[in-house]
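Novice: sharing a sequence plus its predicted fold:
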Amino acid sequence: MRLTISTWNINSVRLRIDLVAKFVKAVRPDILCLQETKCPDDRFPLKRLRRLGYEHAALNGQRGYHGVAVLSRLPFDHVSIEGFGGKSDSRHVAVVIGERAGMRDPLTVHNIYVPAGGDAPDVNILVGDLNVAPLEHDVWSHRQLIDVVSHTPIECDRLNAVQRAGQWIDIMRMLVPEPTKLYTWWSYRSADWAAVNKGRRLDHIWVAPALGERVASMAVSKQTRGWPQPSDHVPVSATLEV
DNA sequence: ATGGTCGGCAACCGA
């Protein structure tokens, strides 16, 4: 079974629902993980997503800020939500795709918006906007961003430590190793973002060790940054043989 | 060295 998972910090799902539609028609992910939906659950555009083929939704939204959602063509066995740092911010939602979807082995997908403070056992995939670009070539200038939040040594060291502790495989860097530059975010404050290309790799897809050899492909949908009224983040997608 | 731009929601906060 081929499974495509996409992650995208959409920066308001209601404002950019047409861009979501355009993206899913092109990439056709089975599972779409969104961050910064900025949308209470009772106002989430579920009908539109259902028409696009996503009948299943796991929402953790709030008014005004943050918010994550998993949209899926496949049913969930289980949905869970964790809080981080003792706050009620909507920054995490996890789903299990298993028996009900006809999966041989259940797959847990964690959709996260912020650094995860630690690793959790029995998880398979971790995706989302972690807001850290941990490697030298995850930013346009390692030297100029060394004091800028998202690329400071303490952030990079700790994110790399979480990755090592959980033996997570960073599939973007598995398939596109350093020193190739790899970005998923370009600031709104740069007028000519493509030409200037001062990007950062803030969005990630990590898989558990056993899934490393199941990864068939990975893609960064950079073109969405050039669409009208874009998110400042672009989608990252991975296809797994599960 | 500094300011530059967004979105939500109604004066700034968060990014």
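Specialist: Arrived safely, thanks for sending. Numbers count the residues shown, from 1 in each chain, chains lettered A, B, ... in the order given.
Novice: who in chain A is up against DNA strand B?
Specialist: For chain A, the residues in contact with DNA strand B (Cβ under 7 Å from any atom of the strand) are A:11-12, A:14-15, A:36, A:38, A:63-66, A:131, A:187-189, A:191, A:229. The way it works is simple: take the backbone N, C-alpha and C, and place the C-beta from them, glycine included.
Novice: list only buried entries from those residues.
Specialist: If you count burial by 16 or more other Cβ atoms under 10 Å, the buried members of the residues of chain A next to DNA strand B come out as A:Asn11, A:Glu36, A:Lys38, A:His66, A:Asn131.
Novice: how about the residues you listed, which pair is most distant?
Specialist: Of all pairs drawn from those, the one with the longest distance (Cβ to Cβ) is A:Lys38 and A:Asn131, at 15.9 Å.
Novice: A:Ser12: what's it in contact with?
Specialist: Contacts for A:Ser12 (Cβ atoms under 8 Å, 6 or more residues apart in numbering) come out as A:Glu36, A:Thr37, A:Lys38, A:Cys39.
Novice: go on, A:Pro134?
Specialist: A:Pro134 sits in contact with A:His151, A:Glu155, A:Cys156, A:Leu159, A:Asn160, A:Gln163, where contact means Cβ under 8 Å, 6+ apart.
Novice: quick one: buried ones out of the residues you listed?
Specialist: A:His151, A:Glu155, A:Cys156, A:Leu159, A:Gln163.
Novice: can you name the residue of chain A nearest DNA strand B?
Specialist: Minimum separation of chain A from DNA strand B (Cβ to the nearest atom of the strand) falls at A:Ser12, amounting to 3.0 Å.
Novice: in a helix, that residue, correct?
Specialist: No - applying DSSP: H, G, I helix; E, B strand; the rest coil, one finds A:Ser12 to be coil, outside a helix.
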